[in-house]
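1. I would like the atomic coordinates for the input below:
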Amino acid sequence: PNKRERVKWVAGNFTRGIILEQRKEPALRRKLRTFLNSNYAGMLFESDFPYDGAALSGEQIIEIARLARIVDERDGLFLHEKLTKAHQMKVKVAVGDAIDDEPYVSSQLNPLLFLEKEAGEGLRLAAKAVGNPKIYFAIYKNLSDVDLKIKIPKNIDGVEIRRIHGRYPAEFRTMDDFDSDGPAVLIGICSLIHLYRAVYEHRIQSTCFVTVAGTCVANPTNLEVSIGMTPTQLFERCGLAEEPGYVVIGGSMTGEVCEDPDSYPIGTMSRAVLALRDEEKKRRYQCIGCGRCAEVCPENLTPFYINRYIELGKYEALAFYDIHRCIGCGTCSYICPSKIDIAENIKLAKMEIKRRRHVKEDD
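-> Residues are numbered from 1 along each chain as shown. Model prediction:
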């Protein structure tokens, strides 16, 4: 490797966080499948814009993203708002984000590999909308435990791929890999695919991409599904090998337990539906003060202290421990030998702090 690659490798291996077993196979290598409602064919918007990206201006591409109501799956922002802001910031780099650094999840990487043209052209359209900066795709480097039956190339549809180094959560540190190139904007792969369809088909976003996987799923697969479908419908499509102990919407690290799989609507930010065995997840023991959560926290917080004050209800003390800096990656919960869901406790505490602040302002 060259000097730059060696520096990134060293930095990545000394970055706080954890190395996770990815468990992406066999869903990653299986061809993307569709599972759509009957009204998909009619989800089009009316416009006088030509069905040709080369004939469109940057402003027109942004307007098409607005008409198509495209939402970026990585942060929930409307794509047209993100592109407008990136244009105003005069970004130097546009990055198609296919990092998928959580276990099981490959709902960005799989569409990138199987819908190369849509992803590549979508990224070029987004780049044109923000001023034609450099473009890259970004994927996670640490896929060493994945028995890949498909090779990840050095470029896709003519766009160079950058491998993001470091421990989980790597997606949070992605911008560091592009610092030398200047200000960058990260755009989810799935929203880029929808941008391509909006330009060349005038199609409104009515679908999203999700990984259906987990220890209880018979045929783990990446699906493009109609927005609003339920986890139960997706499990019927992929099959269950056994009754799950619990269902998670999103990644196994940052997702939320779904109490009602029969009615929960899948949305643009769902990204994964996991059916998992119980495996003592809901058992809870007392904190033993081992400090492992502090050792792995990418924000250098002390989660065990934060959690202790949350348990005592002393929310006024949490500002001292910088609770606002928590990014919700879930590394503290993952590493905790007492099985305490520290990340969830912090999430709820931040919501309570916000509620109290609003009540105080209203008074």
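
2. when you work out contacts or count neighbours from here on, use the C-alpha atoms and nothing else.
-> OK.

3. please name the nearest non-neighbouring residue to the residue positioned nearest the centre of the chain.
-> Residue closest to the average C-alpha location in the chain (Cα atoms, centre = their mean): residue 74, at 4.4 Å. Leaving aside its sequence neighbours, residue 74 sits nearest to residue 188 (Cα to Cα, 6 or more residues apart in numbering; 5.6 Å).

4. the one you found is in contact with residue 99, isn't it?
-> No: with contact defined as Cα atoms under 8 Å, residue 188 does not reach residue 99; the gap is 9.3 Å.

5. between the two, which contacts overlap?
-> Shared contacts of residue 188 and residue 99 (Cα atoms under 8 Å, 6 or more residues apart in numbering): residue 108.

6. and the helices in this protein, which stretches?
-> Along the chain, counting by DSSP state H, helices occupy 3-13, 58-67, 79-89, 109-114, 116-130, 189-201, 231-238, 292-296, 303-312, 331-335, 342-362.

7. want to throw these into TSV with mean neighbour count and distance to residue 214?
-> Below are these laid out as TSV (neighbours: other Cα atoms under 10 Å; distance: least, Cα to Cα, whole Å):
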stretch	mean neighbour count	distance to residue 214
helix 3-13	13	28
helix 58-67	21	33
helix 79-89	19	30
helix 109-114	22	16
helix 116-130	23	26
helix 189-201	25	22
helix 231-238	18	11
helix 292-296	20	25
helix 303-312	18	28
helix 331-335	23	16
helix 342-362	14	21
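
8. and for residue 119, nearest residue in space, chain neighbours not counted?
-> Nearest non-adjacent residue to residue 119, counting by Cα to Cα, 6+ apart: residue 193, 5.0 Å away.

9. in this structure the one you found contacts residue 125, no?
-> No: using Cα under 8 Å, residue 193 is not in contact with residue 125; the gap is 10.3 Å.

10. burial check on residue 228, number of neighbours?
-> Residue 228: 16 surrounding residues under other Cα atoms under 10 Å.

11. torsion angles phi and psi at it?
-> Main-chain torsions, residue 228, degrees, to the nearest 10: phi 100, psi -10.

12. in space, what's closest to it - neighbours in sequence excluded?
-> Nearest to residue 228 is residue 265, by Cα to Cα, 6+ apart, at 4.4 Å.

13. contact partners for that neighbour?
-> Taking Cα under 8 Å, 6+ apart as the test, what residue 265 contacts is 227, 228, 229, 230, 231.

14. please apply the same query to residue 208.
-> Contacts of residue 208 (Cα under 8 Å, 6+ apart): 190, 224, 225, 226, 227, 267, 268, 271.

15. which of the residues you listed sits closest to residue 34?
-> Residue 34 lies nearest to residue 224 out of these, by Cα to Cα, at 4.7 Å.

16. quick one, grab the pLDDT at that closest one.
-> Residue 224 is assigned a pLDDT of 97 by the prediction.

17. from residue 141, how far out is residue 99?
-> Residue 99 is 8 Å from residue 141, where distance means Cα to Cα, to the nearest Å.

18. these two: which has the busier surroundings?
-> The neighbour count for residue 99 versus residue 141, taken as other Cα under 10 Å, is higher for residue 99 (24 against 16).

19. is it true that that one touches residue 111?
-> No: here residue 99 lies out of contact with residue 111, judged by Cα under 8 Å, at a distance of 12.0 Å.

20. how near is the residue nearest to residue 119 to residue 58?
-> Distance, residue 193 to residue 58, by Cα to Cα: 17 Å.

21. next one: residue 265
-> Applying Cα to Cα to residue 265 and residue 58 gives a distance of 34 Å.

22. how many residues are close by residue 32?
-> Using other Cα under 10 Å, the number of residues around residue 32 comes to 20.

23. quick one on the thing from earlier: and for residue 99 and residue 141, which residues touch both?
-> Residues touching both residue 99 and residue 141 by Cα under 8 Å, 6+ apart: residue 164.

24. list the contacts for residue 107?
-> The contact partners of residue 107, taken as Cα under 8 Å, 6+ apart, are 100, 209, 210, 211, 222, 223, 271, 272.

25. sorry, back to before: least reliable of the helices of the chain going by mean pLDDT?
-> Note on the helices of the chain: helix 3-13 shows the lowest mean pLDDT, a mean of 46.

26. skip the chain neighbours and tell me the closest residue to residue 102.
-> Of all residues not flanking residue 102 in the chain, residue 251 sits nearest, at 5.9 Å (Cα to Cα, 6+ apart).

27. do residue 187 as well
-> Using Cα to Cα, 6+ apart, the nearest residue to residue 187 is residue 96, at 5.1 Å.

28. for the one you found, which residues are in contact?
-> Shown in contact with residue 96 (Cα under 8 Å, 6+ apart): 123, 135, 136, 137, 138, 186, 187, 188, 189, 192.

29. okay if I get the contacts of residue 265 as TSV plus distance to residue 38?
-> Shown next, in TSV, are the contacts of residue 265 (distance: Cα to Cα, whole Å):
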residue	distance to residue 38
227	12
228	13
229	12
230	16
231	18
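
30. returning to that earlier point: so which of the contacts of residue 208 sit within strands?
-> Among the contacts of residue 208, the ones falling in strands (DSSP state E) are 224, 225, 226.

31. doesn't residue 210 make contact with the second one?
-> Right, the one you point to is residue 225. Yes: at 7.5 Å, residue 225 and residue 210 qualify as touching, with contact defined as Cα under 8 Å.
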